[in-house]
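Trainee: My questions are about this predicted structure, shown below with the sequence.
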Amino acid sequence: MADPMVRLTGISKTFGTKKVLDNVDLDIDRNETLAIIGPSGTGKSTILRIIAGLLAPDEGTVLLDGQSRKGLIEDEADPFRISLVFQQSALFDSLTVEENVGFLLYQHSNLHHDHIHSLVRQSLDRVGLSEEISNLYPAQLSGGMRKRVSFARAIMEDPDHPSDNPELVLYDEPTAGLDPVASTLIEDLMRDVRSQVSSCSTYVVVTHQDSTIRRTADRIILLYQGQVQWQGRVEDIDQSDNPYVRQFFAGQIQGPMQITD
Ligand SMILES: Nc1ncnc2c1ncn2[C@@H]1O[C@H](COP(=O)(O)OP(=O)(O)OP(=O)(O)O)[C@@H](O)[C@H]1O
């Protein structure tokens, strides 16, 4: 069998006196879509940052395509290519939509500006935004539009260097703070770009939103107190007797999870 794209083994991380991740094992296969769920403060974003190579675990190993990652992403000569879509859209306020979406190509490629411009237009089109917003600044857009612009940036590909394109996308609460219709749009996009952009076919999404969990993930892991308490498929959610799953999806205060953060 092929190696999983990502394999975390025995990952632990402590901040101060709080053990945020406690001996977590997790595999992500190529072309899989995984949701990481659980109450606030339970280590979901910490796992994403460890997968992204932005944070080192205290213990455990991170294997990417079977290769061990020794340090952080900045130390790697040929890093595994991961694209991040943050909860806050993380756009540069002083740059226009065009400059934000084309940022990496404008900075790091030798492509002619006209070519980058047409790639930006194609990317905006894929996320349902018209070229008319290219010259606007992030502050002039709604929250949902900003998220779509950050999507457009995440799915930009360099045609001259296909090997530089991302292999894994990490979405950190992509629908947080959006109304139900804007959330549906983003969820559809996550699915749609999978089929249109090969580099977006494997992703991990951290989310609290029921619709995002059910509409964007094949598989789910539920974290609590730094450990995986349940994993299963979306279609298993409503049949599960697992008390963590039942409490989470019913939004009950009573149950094994004490919400303290
Ligand atoms: N760099 C850091 N230094 C100190 N504590 C941290 C750091 N990063 C995270 N923590 C703490 O670790 C715990 C887990 O944080 P994390 O962001 O991973 O949780 P989460 O499950 O993603 O939460 P949420 O759903 O609220 O975003 C929290 O108590 C947080 O305060």
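Mentor: Received the coordinates, thanks. Bear in mind the structure is a predicted one, so any value in this text is a computation, not a measurement.

Trainee: At the contact with the ligand, which residues of the stretch 1-150 of the chain appear?
Mentor: Residues of the stretch 1-150 of the chain found near the ligand, taking CB under 6 Å from any ligand atom as the criterion, are F15, K18, V20, G38, S40, G41, T42, G43, K44, S45, T46. C-beta coordinates here come from the backbone N, C-alpha and C atoms, glycine included.

Trainee: Buried subset of those, written for ChimeraX?
Mentor: Restricted to buried positions by 16 or more other CB atoms under 10 Å, the ChimeraX selection for those reads:
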select :20,38,42,43,44,45,46
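
Trainee: Can you name the two of the residues of the stretch 1-150 of the chain next to the ligand that sit furthest apart?
Mentor: Spatial extent of these (CB to CB) is set by the pair F15 and G38 at 16.5 Å.

Trainee: measure E32 to D179 for me?
Mentor: According to CB to CB, to the nearest Å, E32 stands 29 Å off from D179.

Trainee: quick one: I155 and Y203 touch, right?
Mentor: No. Taking contacts as CB atoms under 8 Å, I155 lies outside contact range of Y203: 11.2 Å.

Trainee: When these two are compared, which one has more neighbours?
Mentor: Legend: neighbour count by other CB atoms under 10 Å for I155 and Y203, higher for Y203 (25 against 22).

Trainee: Can you check the pLDDT for the more buried one?
Mentor: For Y203, the model assigns a pLDDT of 92.

Trainee: what's the answer for the one 3 residues further on, then?
Mentor: According to the predicted model, the pLDDT of V206 comes to 95.
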